[in-house]
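**Q** Dropping the sequence and predicted coords here.
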Amino acid sequence: MEVKTSVSPKKYSFREKSMKQGGHLNLPHIDMKGYYQFITFRIKESIDSYLKQLYANKYDSEKIKQYKMDQYLDKSINGAFLNGSLIQEIQNYYFNHHGKEFDLYAVTIMPNHIHALVKQKSSLSDIVRILKGGSAHIINKRLNRTGKVWSSDYFDKVIRDEKHFQITYEYIKHNAFKAKLEDAKERFYGYFE
């Protein structure tokens, strides 16, 4: 299978109009229809003092920070209430938007965060709003709670090429297994499975 990406690292610069501010730490984002995006967002309660210190660290690259965060969140019980039938309800909600605002290629619902691989059909901010907003409504309703569910920030990374797509897909696919979650198989959806 050949994955066609809409972006070539050689074809854009950080000065292009396709770059928008927002999302993760107010860094520029590539935000255009047809791009593949890796998106991660976390339950608000999962962001504790360790993660705040990690965010504030000016010496680690964003890639290293993201790796350390994922390692920590995979083991943390803070905000870890994405379990049981709630997983399937959130996946079903995402499936209902597949082919409309985005094409969903992979998603894993960890106990306190979500990773998704999508192809944009609308703006990145609209996609994140749909992913976070709809699932927040489901979570609040099911857990009989109100208020904000997700941390206001999110991590996104544009997929550069087919190899990057495969690495990201496999990361999402195996994330719950690496965290040794008993229900790892139910937490993952993959378009190619």
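**A** Arrived safely, thanks for sending. Numbering: from 1, shown residues only.
**Q** Spatially nearest residue to Ala43, not counting backbone neighbours?
**A** Residue 43: Ile, not Ala. Gly79 (3.4 Å; Cβ to Cβ, 6 or more residues apart in numbering). Yep, even glycine has a C-beta here, placed from its N, CA and C like the rest.
**Q** And stretch 143-153, what's buried?
**A** Val149, Trp150, Ser151 (16 or more other Cβ atoms under 10 Å).
**Q** Would you mind measuring from Met110 to Asp60?
**A** Here Met110 is placed at a distance of 22 Å from Asp60 (Cβ to Cβ, to the nearest Å).
**Q** quick check, nearest of the buried residues of stretch 143-153 to His97?
**A** When the buried residues of stretch 143-153 are ranked by distance to His97 (Cβ to Cβ), Trp150 comes first, at 16.4 Å.
**Q** quick one: the closest one and Ala136 touch, right?
**A** Yes - with the criterion set as Cβ atoms under 8 Å, Trp150 and Ala136 qualify as a contacting pair; they are 6.0 Å apart.
**Q** What segments of this structure are strands?
**A** 19-21, 28-30, 36-42, 102-109, 113-120, 155-158, 188-190 (DSSP state E).
**Q** May I see those arranged in CSV, with mean neighbour count, mean pLDDT and distance to Thr168 as well?
**A** Converted to CSV, these look like this (neighbours: other Cβ atoms under 10 Å; pLDDT from 0 to 100; distance: least, Cβ to Cβ, whole Å):
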stretch, mean neighbour count, mean pLDDT, distance to Thr168
strand 19-21, 13, 38, 21
strand 28-30, 18, 69, 15
strand 36-42, 23, 94, 5
strand 102-109, 23, 97, 8
strand 113-120, 24, 96, 6
strand 155-158, 20, 90, 8
strand 188-190, 20, 96, 11
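**Q** Over to Leu181: give its phi and psi.
**A** Main-chain dihedrals, Leu181, degrees, to the nearest 10: phi -80, psi 130.
**Q** Now it. Nearest residue, chain neighbours left out?
**A** Excluding the flanking residues, the one nearest Leu181 by Cβ to Cβ, 6+ apart is Arg187, at 6.6 Å.
**Q** How much space separates that neighbour from Glu101?
**A** Distance from Arg187 to Glu101, counting by Cβ to Cβ: 22 Å.
**Q** hang on, isn't Gly34 packed against Ser122?
**A** No - Gly34 lies out of contact with Ser122 (Cβ under 8 Å); the separation is 10.9 Å.
**Q** ok, the closest residue in space to Val118 that isn't next to it in sequence - contacts?
**A** Spatial nearest neighbour of Val118, chain neighbours left out: Phe102 (4.0 Å); criterion: Cβ to Cβ, 6+ apart. Under the criterion of Cβ atoms under 8 Å, 6 or more residues apart in numbering, the neighbours of Phe102 are Val118, Lys119, Gln120, Lys121, Ser122, Ile127, Ile130.
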